[in-house]
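**Student:** got a predicted structure here, sequence first:
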Number of protein chains: 2
Amino acid sequence: MELNTTTKISEAVIRRLTDYLRCIRCAGEAGRDMLTSLEISERCGLNASIVRKDLAQFGAYGVKGMGYNVRDLTRQINKILGLDKLKDVVLVGAGHLGTAIIRYPGFADVNFNFIAAFDTDPEKIGKTIGYAKVYPLEELKPFIRKHAIQIVVLTVPSSEAQAIVNDLDPGYVKGVLNFTAVIFPPKQNNMFVHNIDLAKELEVISYCMKNCLSQGS
Amino acid sequence: MELNTTTKISEAVIRRLTDYLRCIRCAGEAGRDMLTSLEISERCGLNASIVRKDLAQFGAYGVKGMGYNVRDLTRQINKILGLDKLKDVVLVGAGHLGTAIIRYPGFADVNFNFIAAFDTDPEKIGKTIGYAKVYPLEELKPFIRKHAIQIVVLTVPSSEAQAIVNDLDPGYVKGVLNFTAVIFPPKQNNMFVHNIDLAKELEVISYCMKNCLSQGS
DNA sequence: TTGTGAAAGTTATAACTTTCACAAATTGAA
DNA sequence: TTCAATTTGTGAAAGTTATAACTTTCACAA
């Protein structure tokens, strides 16, 4: 079957694909080379038919009676999500969170490469976090131009977030990952902005606990 | 109108409430004391009627012709989510990410209080991160019992995650916030587990960029 | 070579969500 | 006091998503 290009794929499907990817990676590291839709569904807290439907939508990646090959499926999902090529990203705000993010192994797993960090603190400038050198914030704009950076990760104090986003050049930057407390609309200057609130899941847990729900993830 | 207790509230609604909360907090800090459903919807990248419906579902918090009062609405949503009372949580794994999380202001904003951290590294034990002292991992279990800890945040290396979760006492712990690369089913031993993958949003951005979608958040 | 079991792929339907459109309510100005 | 401008709250319709049930295909063993 051909790769789907006509039907509109919802964001929910894409988010599930990232879960499948993570769960398949875990299973692969544990030495598995085949996984069934049922196993994937149980690990991800879903129904097995939605796993089959999601995957079948992009092409028939499974073997009937056997399941899905871990290595092949990883490659396929990576391709669907555009994770098959290494992407350079930069970080703005080299504080605790920024440092943790650069060192977070999950980014390298999906081919994201932090090539530089930017900060206003003279103490930090010139140091290295992971493989990324810390530059003064003024150099962000020329750096983006010079290296054709398409993705920026934002971990500055909330008060500085808006100014930095306003100043990004939409001719280069296509996506912004915003870890600050400010909430941005999904499109700013033609750039995709994704807001991440680390406390959000804890708020959801709080609600689940309060109401003794049986569902999560 | 009375607070809804009969109809089932979906997780999607709860997640949106957390967005509203964050966006209302931003507006409040900017000096606003009233907000319309339209404004909230634009900041959150939604349709205005879904904002009204979500809020109306729990009670009529708005004033026709005027909008929603920032202070009242914050209090109401906090109450719905169970964020109106201070909750003690502990962190397991005092590395970069753990440190960043304890210091992340977003948790305090919603009344989560990190009272202790646990680690195996003798270098870290005895030190203090924020207001949390770092204890040896062996003391986690008795600490949870002694302080009746209901929520655990997990930022250990992936290889240790399963063992720690297995060892948590479901008599006390009701929720686990998992930042490791391991993916847990939503229920483990009767505890809610929420998996957070910091790379997930970047993967979604990757897909959006690859397919030039117009939608985000 | 054939039969069997297992699990993918597919379809139809049920369940849920979002949107639209409008009545009701409130404020503030004339 | 009335009128116009707003904006909430809500029922009905449209759209979307998930689920269950079914059909097909494959691998393996006899």
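**Tutor:** Received it, and whenever you're ready, just let me know what you need. For clarity, every value in this text was computed on a predicted model and none was experimentally measured.
**Student:** tell me which strands the helix or strand bottoming out on mean pLDDT in chain A pairs with, and in which orientation.
**Tutor:** Across the helices and strands of chain A, mean confidence by mean pLDDT, DSSP states H and E is lowest for strand A:187-188: a mean of 88. Strand A:187-188 has its sheet partners listed here by DSSP bridges as strand A:191-195 (antiparallel).
**Student:** how about the helix or strand just after the strand it pairs with, does it reach DNA strand C?
**Tutor:** Elements were assigned by DSSP states H and E; along the chain past strand A:191-195, the next helix or strand is helix A:200-211. No. Helix A:200-211 is not in contact with DNA strand C by Cβ under 7 Å from any atom of the strand; minimum separation 13.8 Å. Quick note: C-beta positions are derived from backbone N, CA and C, even for glycine.
**Student:** the lengthiest strand in chain A to helix B:200-211, inter-axis angle?
**Tutor:** In terms of residue count, the longest strand belonging to chain A (DSSP state E) is strand A:112-119. Computed by axes from the mean of the first three to the mean of the last three Cα atoms, to 10 degrees, the angle separating strand A:112-119 from helix B:200-211 equals 110 degrees.
**Student:** which strands and helices sit next to the host helix or strand of A:Arg16?
**Tutor:** Using DSSP H and E, A:Arg16 sits in helix A:11-29. Packing partners of helix A:11-29 (3 or more Cβ pairs under 8 Å, 6 or more residues apart in numbering or on different chains; DSSP states H and E): helix A:37-44, helix A:48-58, helix A:70-81, helix B:200-211.
**Student:** surely A:Ile149 touches A:Leu140?
**Tutor:** No. At 9.1 Å, A:Ile149 does not count as touching A:Leu140 under the criterion of Cβ atoms under 8 Å.
**Student:** what is in contact with the two at once?
**Tutor:** Shared contacts of A:Ile149 and A:Leu140, defined by Cβ atoms under 8 Å, 6 or more residues apart in numbering or on different chains, are found at A:Val90.
**Student:** could I get stretch A:134-146 in CSV with only the CA atoms?
**Tutor:** The C-alpha trace of stretch A:134-146 is given here as CSV (Å, rounded to 0.1, in the frame of the first residue of the first chain):
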residue,chain,number,x,y,z
VAL,A,134,27.0,29.1,24.9
TYR,A,135,27.0,32.4,22.9
PRO,A,136,25.8,35.9,23.9
LEU,A,137,22.1,36.5,23.0
GLU,A,138,23.0,39.2,20.5
GLU,A,139,24.6,36.5,18.3
LEU,A,140,21.4,34.5,18.1
LYS,A,141,20.1,36.3,15.0
PRO,A,142,23.3,36.1,12.9
PHE,A,143,23.8,32.5,14.0
ILE,A,144,20.3,31.5,12.8
ARG,A,145,21.0,33.2,9.5
LYS,A,146,24.4,31.7,9.1
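**Student:** got a list of what A:Thr99 touches?
**Tutor:** A:129, B:96, B:100.
**Student:** between these, which is closest to DNA strand D?
**Tutor:** For the contacts of A:Thr99, the residue nearest DNA strand D by Cβ to the nearest atom of the strand is B:Ala100; the value is 31.3 Å.
**Student:** helix, strand, or coil at that closest one?
**Tutor:** State at B:Ala100, reduced to three classes by DSSP: H, G, I helix; E, B strand; the rest coil: helix.
**Student:** any idea how far it is from A:Gly130?
**Tutor:** To A:Gly130, B:Ala100 is 14 Å away according to Cβ to Cβ, to the nearest Å.
**Student:** picking that back up, save the contacts of A:Thr99 as a markdown table, and put in neighbour count, pLDDT and distance to A:Arg43 too.
**Tutor:** Shown next, in a markdown table, are the contacts of A:Thr99 (neighbours: other Cβ atoms under 10 Å in any protein chain shown; pLDDT from 0 to 100; distance: Cβ to Cβ, whole Å):
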| residue | neighbour count | pLDDT | distance to A:Arg43 |
| --- | --- | --- | --- |
| A:Ile129 | 21 | 97 | 32 |
| B:His96 | 19 | 93 | 27 |
| B:Ala100 | 22 | 95 | 27 |
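**Student:** helix or strand for the residue of chain A positioned farthest from its centre, which one?
**Tutor:** Going by Cα atoms, centre = their mean, the residue of chain A most distant from its centre is A:Gly65, 32.5 Å out. According to DSSP H and E, A:Gly65 maps onto no helix or strand at all.
**Student:** residue contacts, the residue nearest to the spatial centre of chain A?
**Tutor:** The centroid of chain A falls nearest to A:Phe107 when counting by Cα atoms, centre = their mean (7.4 Å). Applying Cβ under 8 Å, 6+ apart to A:Phe107 gives the contacts A:89, A:101, A:113-114, B:198-199, B:202.
**Student:** kindly report the residues of chain A close to DNA strand D.
**Tutor:** A:10, A:12-13, A:46-47, A:49-50, A:52-53, A:63-66.
**Student:** how is chain A divided into domains?
**Tutor:** A:11-81, A:87-200 (automatic domain parsing).
**Student:** name the SS class of A:Val182, please.
**Tutor:** Applying three-state DSSP: A:Val182 is coil.
**Student:** I figured it hits A:Ile164, correct?
**Tutor:** No. The criterion here is Cβ under 8 Å, and A:Val182 misses it with A:Ile164 at 10.3 Å.
**Student:** of the two, who's got more company?
**Tutor:** Ranked by neighbour count (other Cβ atoms under 10 Å in any protein chain shown), A:Val182 and A:Ile164 place A:Val182 first, with 22 against 19.
**Student:** got the phi/psi numbers for that one?
**Tutor:** Torsion angles at A:Val182 (phi, psi; degrees, to the nearest 10) stand at phi -70, psi 140.
**Student:** gap between it and chain B?
**Tutor:** 6 Å (Cβ to the nearest Cβ, to the nearest Å).
**Student:** spatially nearest residue to that residue (excluding sequence neighbours)?
**Tutor:** The shortest distance from A:Val182 to any non-neighbouring residue, by Cβ to Cβ, 6 or more residues apart in numbering or on different chains, is to A:Ala161 (4.4 Å).
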